[in-house]
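Student: compute the structure for the input listed below.
(2 chains)
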Amino acid sequence: MILRNGTLCPDSRLPGILSSLEEELGKTLSGPPLEAETVIAALETLGKRLERGELDALIARYVPAGLLEQLDGIRWMLRRESMEYKLRVELGEDDGRRPFGGTLRRPLGVLLHIAPGNMAGLPVFTVVEGLLTGNLCLLKLPHGEKGLSLALLSLLTETEPRLAPWIYAFDIPSQDTASLSALAALADGIVTWGGDGAISAVRALAPPGCRLVEWGHRLSFCYWSGWEEEDRERDALARHIAQTEGLLCSSCQVIYLDTEEDREAEDFCRSFVPALERAVARRCRTAGQMAQASLYARETWLEHLTDRADRKETLFRGQGCTVTLRPDPELELSPLHGNVLVKCLPRRDLLRVLRRQKGRLQTAGLICSPEKRARLTELLAKAGVTRITRPGHMSEAFSGEAHDGEYPLRRYCRMVDVER
Amino acid sequence: MLSRQKLFWLSRPYDLAGTERAFLRAVRDNCAYHIRHCPAYRTLAEGEGFSPEQVRAVEDLKRIPAIPTLYFKRHAIFSMPRWRRCFEVTSSGTSGSFSRIRFDWGCVLAEAPMVIRLGLLHGLASPVPAHYVVLGYRPDRKNTTGVTRTMWGLTWFAPPLSRHFVLERREGVYVPDLEGAVRALEKLSRSPFPVRLIGFPSYLWFGLTKMKEMGVSLKLPARSRIILAGGWKQHYQEEVEKPRLYSLVKKVLGIPEDHINELFGAVEHPIFYNTCRNHRFHVPAYARILIRDPRTLEPLPMGETGIINLISPLMCATPTVSVMTDDLGVLEPGASCGCGIASPVLNIIGRVGLAGVTTCAAGAAQLLGEEEGL
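Tutor: The predicted model follows:
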């Protein structure tokens, strides 16, 4: 299905729509601009309906049960205060006055969003960011999208018909590069979410001069130095690992210990297994979930035996989880699903080792004594990390936070200098 | 590997007690073969402290390294070189990745008496020629999935007069043609020969629901049968209770409940499980099943739900002697069924963890076997 000007039409009309798109976009862009307030008010109305549970049935049609709870955790994003705060933080309160005259902040124009299929709601979220900055948004729906984005965007245009000409959504398969190139040719910027494959594909598609905004995949880790309120922090970290299963950009893949002592690292692993076991048991509410965790843990154990026989790693087994102590310091993907890596990384090596993953680093959960915190924070920031949190909060969304080290709304705008 | 042929050629199909010695013997030999010929399996056995001599009694089957199907999806491991294989198949890869399983000639030889015996016992084998409508893929060189092979194999239980496939490959992709199948069934309902409908249960359900909406009500010739294979796969959430499916079959096709056979099996464990007249799966003599605790993976007593662990010494080319499936199930005493077959009943309850996988951790999509692209 295609969403165009607030109405859904069949995919068969794509060629016709594409051929008249340039003219349509031009008409919208030359008319009155899209005010942030229009977007905020519409989202606020929608957010209230969401909070009253009116949209639960609609969302439940498209999203598995477990994800509904995840969505609960980000409902606050739809509140007026959060959105206004986001605009203020990201765009600042610059009055634009300059010695030469003034600087105007204007939307980039047309944004093509290539949205990921791995997280429900994200395609809509990225479009909303585009709209908040006054852009006309073309959305390429992710492969396998079951209709949630179309339903939510239609709802948005129903709530506020003035938004209708500013939102287009296309269900174009990735192989249809001709149609995607046609969309890219009309865009001032392309916003891509996805792994290296998706990002390279978009780079090949984008005409020169088109601004590329890439939200690639990331790796996150925990840095454990010293022993401040050890038990509580350990449990919080274990809960985070069990809950996110290592699948998010912000999920802890490796627990780095600020030590060189193997013995100390082994002791840590031994103490971490029971905490992780408890956290996994808490996450797994059904026999099926528990079985899946156990199967993944067994898989990790078997792969440890057959694939890494020469790597001198030590695996500590728990019920539905494993902790693997690896001798090298590299940041890498864990075996996921409650199976985490532990490595020694003394402070003095931290920058050198983490720099090898520059451009991929995201969150560091930091556990240390209060007097060390400022220094270690500085060191992690220097190494290229873009979020530093308490270990239990690694995957939590904070109001006003940047995204992978940038303020997205700024990327969706351009500055126009005007001489007096 | 004579012990394997003995087990498969000489066993009565559901005589677990009487085949115990032969089964254990064949399992020991099979494990020893894999340990000798498959380095990965040898490493696993060593890592788990397992040696074939430990399998003295049925209780010892739990000691055999049980390999999750996920392991076969991520590792192509074999105990025979390619040139010694009979053929190779892949699992259907519902979640995007698939297992590669190599079959040896001895395995095919051992399967023959099992399939014939069970086919006769469950009324699948018939000398009366039949027309086949397959709610599955038309086999071709590019399609190596086990289920396609199985469905093709099933079209030989009665001499085939014709075969109609619902999933045809057009320009490289499979397109379902339910309307074509409906037309074929309407035509065949006037034939003097029975019709055999073979397919995924989900396709049957969708097809029949659509036919009912179209107002189709046929009376297929007497002795027509429905043979369901392949499980619900990606349509698991739509799985319907069996009685609803049976009554729909009766209503739309005029086939009575006792002419519906269901099959169960996996490419990693190609044992020919058939439903009895009460539509239950009994464990045949060629396999043993353990139900393992979802938390500890220890075997559970009969009646408790856990992960299904399938054990059989059938294959030499791939070390699939003990496979942990992604399915949850429960075993019940055979007597509770009432069909007269004494071996335990396997109830398949569902797939483990169905929630969609969401990932943006760098490199995770590749690990999980998801396609990467735009």
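Student: which stretches of the stretch 251-374 of chain B form helices?
Tutor: All helices of the stretch 251-374 of chain B, identified by DSSP state H, counting those that start in this stretch, fall at B:364-367.
Student: does A:R218 touch A:R360 like I think?
Tutor: Yes - contact criterion Cβ atoms under 8 Å: A:R218 and A:R360 qualify, at 5.6 Å. (C-beta placed from N, C-alpha, C; glycine too.)
Student: more neighbours: which of those two?
Tutor: The residue with more neighbours, out of A:R218 and A:R360, is A:R218; 23 against 20, by other Cβ atoms under 10 Å in any protein chain shown.
Student: bridging residues for the more buried one?
Tutor: B:A361 (DSSP bridges).
Student: so for residue 321, what pLDDT did the model give?
Tutor: Just so you know, I chose chain A. A:C321 carries a pLDDT score of 97 in this model.
Student: right idea, wrong chain: chain B
Tutor: The predicted local confidence for B:V321 is 97.
Student: distance of the residue of the stretch 251-400 of chain A found nearest chain B from A:R298?
Tutor: Nearest residue of the stretch 251-400 of chain A to chain B, counting by Cβ to the nearest Cβ: A:Q292, 3.3 Å away. With distances taken as Cβ to Cβ, to the nearest Å, A:Q292 is found 11 Å from A:R298.
Student: neighbour count for these two, which is higher?
Tutor: A:Q292 (26 against 23).
Student: which residue lies nearest the spatial centre of chain A?
Tutor: A:C249 (6.4 Å; Cα atoms, centre = their mean).
Student: show me what from the stretch 251-400 of chain A comes close to chain B.
Tutor: Applying Cβ under 8 Å from any Cβ of the partner chain, one finds that the stretch 251-400 of chain A approaches chain B through A:251, A:253, A:281, A:287-296, A:298-299, A:302-303, A:305-307, A:309, A:319-320, A:332-333, A:336, A:360.
Student: and A:I74, what does it touch?
Tutor: A:G121, A:A397 (Cβ atoms under 8 Å, 6 or more residues apart in numbering or on different chains).
Student: please name the nearest non-neighbouring residue to A:D328.
Tutor: If the residues on either side of it in the chain are set aside, A:D328 comes closest to A:K343, at 6.9 Å by Cβ to Cβ, 6 or more residues apart in numbering or on different chains.
Student: list the beta-bridge partners for that neighbour.
Tutor: A:Y256.
Student: give me the neighbour count for it.
Tutor: 21.
Student: repeat for B:L16
Tutor: 20.
Student: and it, what pLDDT?
Tutor: Confidence for B:L16, expressed as pLDDT, is 95.
Student: how much space between it and B:Y286?
Tutor: Using Cβ to Cβ, B:L16 is found at 10 Å from B:Y286.
Student: list the contacts for the closest residue to chain A within the stretch 201-350 of chain B?
Tutor: Per Cβ to the nearest Cβ, B:P294 is where the stretch 201-350 of chain B lies closest to chain A, at 3.8 Å. B:P294 sits next to A:A287, A:G288, A:M290, A:A291, A:S294, B:T305, B:G306, B:I307, B:L328, B:V352 when contact means Cβ under 8 Å, 6+ apart.
Student: change it to 6 Å
Tutor: A:A287, A:M290, A:A291, A:S294, B:G306 (Cβ atoms under 6 Å, 6 or more residues apart in numbering or on different chains).
Student: tally of neighbours for the residue lying closest to B:C107 once chain neighbours are set aside?
Tutor: Nearest-residue entry for B:C107: B:M315, 5.0 Å, with adjacent residues in sequence omitted and distances by Cβ to Cβ, 6+ apart. A count of nearby residues for B:M315, using other Cβ under 10 Å, gives 27.
Student: same thing with A:A204?
Tutor: For A:A204, using other Cβ under 10 Å, the count is 9.
Student: how about B:T209: what's its closest non-neighbour residue?
Tutor: Counting by Cβ to Cβ, 6+ apart, the residue nearest B:T209 is B:L248, at 7.2 Å.
Student: can you list the weak-confidence ranges in the stretch 101-250 of chain A?
Tutor: Low-confidence segments of the stretch 101-250 of chain A (pLDDT under 70): A:146, A:227-229.
Student: err, the stretch 251-374 of chain B, not the other one
Tutor: For the stretch 251-374 of chain B (pLDDT under 70), the answer is B:353-374.
Student: swap the cut-off to 80 and go again
Tutor: Along the stretch 251-374 of chain B, the model assigns pLDDT under 80 to residues B:350-374.
Student: show me how the chain divides into domains.
Tutor: This is for chain A. With domains defined by automatic domain parsing, chain A comprises A:2-217+A:404-418, A:219-393.
Student: wait, chain B was what I had in mind.
Tutor: B:2-94+B:281-368, B:123-264.
Student: wondering if stretch A:131-143 reaches chain B at all.
Tutor: No - on the criterion Cβ under 6 Å from any Cβ of the partner chain, stretch A:131-143 is out of touch with chain B, staying 7.2 Å away.
Student: just the residues contacting that stretch, thanks.
Tutor: A:28, A:33-34, A:36, A:39, A:107-108, A:110-117, A:123, A:127, A:130, A:149, A:166-172, A:183, A:409, A:412-413.
Student: about what we covered before: work out for me the element the residue nearest to B:T209 sits within.
Tutor: helix B:242-253 (DSSP states H and E).
Student: verify the stated contact: A:L354 with A:A383.
Tutor: Yes - counting by Cβ atoms under 6 Å, A:A383 is a contact partner of A:L354 at 4.0 Å.
Student: of these two, which one has the most company?
Tutor: Shown here are A:L354 and A:A383; by other Cβ under 10 Å, A:L354 has more neighbours (26 against 18).
Student: for that one, which residues are in contact?
Tutor: A:A383.
Student: next, it: phi, psi?
Tutor: phi -70, psi -30 (degrees, to the nearest 10).
Student: now swap in B:P333 and tell me
Tutor: phi -60, psi 140.
Student: number of residues surrounding it?
Tutor: Around B:P333 there are 12 residues (other Cβ under 10 Å).
Student: count the neighbours of B:S247 for me.
Tutor: Going by other Cβ under 10 Å, the residues that sit close to B:S247 add up to 11.
Student: likewise for the one 10 residues further on?
Tutor: Other residues within reach of B:E257, judged by other Cβ under 10 Å, total 15.
Student: do B:K210 as well
Tutor: 15.
Student: same thing with B:K242?
Tutor: Around B:K242 there are 15 residues (other Cβ under 10 Å).
Student: which ones are touching it?
Tutor: By Cβ under 6 Å, 6+ apart, the neighbours of B:K242 are B:H279.
Student: how far does stretch B:105-123 sit from its chain's centre?
Tutor: 14 Å (Cα atoms, centre = their mean, to the nearest Å).
Student: next: stretch B:188-201.
Tutor: 22 Å.
Student: alpha carbons of that stretch, as CSV, please.
Tutor: The C-alpha atoms that make up stretch B:188-201 are tabulated as CSV, following Å, rounded to 0.1, in the frame of the first residue of the first chain:
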residue,chain,number,x,y,z
LEU,B,188,-11.3,-34.4,-9.6
SER,B,189,-14.4,-34.8,-7.5
ARG,B,190,-16.1,-36.2,-10.6
SER,B,191,-13.3,-38.7,-11.2
PRO,B,192,-13.8,-42.4,-10.3
PHE,B,193,-10.5,-42.5,-8.6
PRO,B,194,-9.7,-41.2,-5.1
VAL,B,195,-8.0,-37.9,-4.5
ARG,B,196,-5.1,-37.5,-2.1
LEU,B,197,-4.6,-34.0,-0.8
ILE,B,198,-1.1,-33.6,0.6
GLY,B,199,0.1,-30.4,2.3
PHE,B,200,1.0,-28.0,5.1
PRO,B,201,-1.9,-27.8,7.6
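Student: in that stretch, what's buried?
Tutor: B:L188, B:S189, B:F193, B:P194, B:V195, B:R196, B:L197, B:I198, B:G199, B:F200, B:P201 (16 or more other Cβ atoms under 10 Å in any protein chain shown).
Student: in this structure the fifth one contacts B:H131, no?
Tutor: Right, the one you point to is B:V195. Yes - counting by Cβ under 6 Å, B:H131 is a contact partner of B:V195 at 5.0 Å.
Student: many thanks, I have nothing further to ask.
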